[in-house]
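# quick one, fold the following:
(2 chains)
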Amino acid sequence: MIDLDVDEFLDPDLTIDAVYTRGTITKTIPVIFDREYSLATIGDVPVQMAGPKLLCKSADVTGIDTTATFTIDGVVYKVTDPRPDVNGFTEVFLTRD
Amino acid sequence: MANKRADIVAAIVTKLGTIATTADYLTNIGLKASEWRTIPVGETDQFLTIRDTTDDLGAESLHGVYNEQIHALTIEVHIVATDQGTNASVFIRKAIADIYKAVGADDTFGLSYVMKTDPVKDEFDITQEERKAAGAVVTLAVQYRTTKWEN
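Below is the predicted model:
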């Protein structure tokens, strides 16, 4: 476990606002958003795929599961795989479909 | 000089290129039909591409005709769709049905030296990151005849 100040790490210069929604909870939280491209294959045909994910403060998304969504720049992303760590961060993998 | 194998592949591309909802098919997967496409599929796209992967040659005298060669040409029809969202799996099933329908309408593709085409199998694949990408490989076997050493 690393001694990190989660709020300091999520500096406003590094983060963007995302609207987190889960059930009746809706709130705007700071996240570090990434949308890295990778090359997958279907059969053996290459397919370009963006893999959106974000990093946020675990305390902001308590109880997060695959029913939750994040709205970022007007795009609604569904949560596919939330991964909380022991340092107070949660890495969240996202999809649009 | 004509090349029968090349003509067969071209005829299949042309035939599958007719798959469109306006022609009484279930999908428009034929609107982007090609052979041996290797360019990566974009994030919101759909297409089919054809690969003539293997040509199994029968024995010269298999049918008792000297100097005749029977070929069993394996054709893989690769379908990919990245623009169907949650409907991706349903779309691919329909596209598979469209391919069988198109080939079944004339399994010689109008070529006199093609004896028949048989469906061999279809394999389904799907993956997901930001978008769902779904696809299938439909394998066909095209039997045709040439003279020995001709392709």
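# every contact and neighbour count from this point should use C-alpha atoms.
Fine.
# closest approach to chain A from chain B, which residue is it?
Scanning chain B for the residue nearest chain A gives B:Glu130, at 4.1 Å (criterion: Cα to the nearest Cα).
# what sits against that residue?
Contacts for B:Glu130 were tallied using Cα atoms under 8 Å, 6 or more residues apart in numbering or on different chains; they are A:Met49, A:Ala50, A:Gly51, A:Pro52, A:Leu94, A:Thr95, A:Arg96, A:Asp97.
# export those to CSV and tack on neighbour count and pLDDT?
As requested, those are exported to CSV (neighbours: other Cα atoms under 10 Å in any protein chain shown; pLDDT from 0 to 100):
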residue, neighbour count, pLDDT
A:Met49, 26, 89
A:Ala50, 19, 91
A:Gly51, 17, 92
A:Pro52, 19, 95
A:Leu94, 25, 96
A:Thr95, 21, 94
A:Arg96, 18, 91
A:Asp97, 18, 81
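# dump those into JSON lines; add distance to chain B and secondary structure as well.
JSON lines is the format used below for those (distance: Cα to the nearest Cα, whole Å; DSSP: H, G, I helix; E, B strand; the rest coil):
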{"residue": "A:Met49", "distance to chain B": "6", "secondary structure": "strand"}
{"residue": "A:Ala50", "distance to chain B": "6", "secondary structure": "strand"}
{"residue": "A:Gly51", "distance to chain B": "5", "secondary structure": "strand"}
{"residue": "A:Pro52", "distance to chain B": "6", "secondary structure": "strand"}
{"residue": "A:Leu94", "distance to chain B": "6", "secondary structure": "strand"}
{"residue": "A:Thr95", "distance to chain B": "4", "secondary structure": "strand"}
{"residue": "A:Arg96", "distance to chain B": "5", "secondary structure": "coil"}
{"residue": "A:Asp97", "distance to chain B": "5", "secondary structure": "coil"}
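# secondary structure class for the residue of chain B closest to chain A?
coil (DSSP: H, G, I helix; E, B strand; the rest coil).
# surely A:Leu10 and A:Phe33 touch.
No. Contact criterion Cα atoms under 8 Å: A:Leu10 and A:Phe33 do not qualify, at 11.2 Å.
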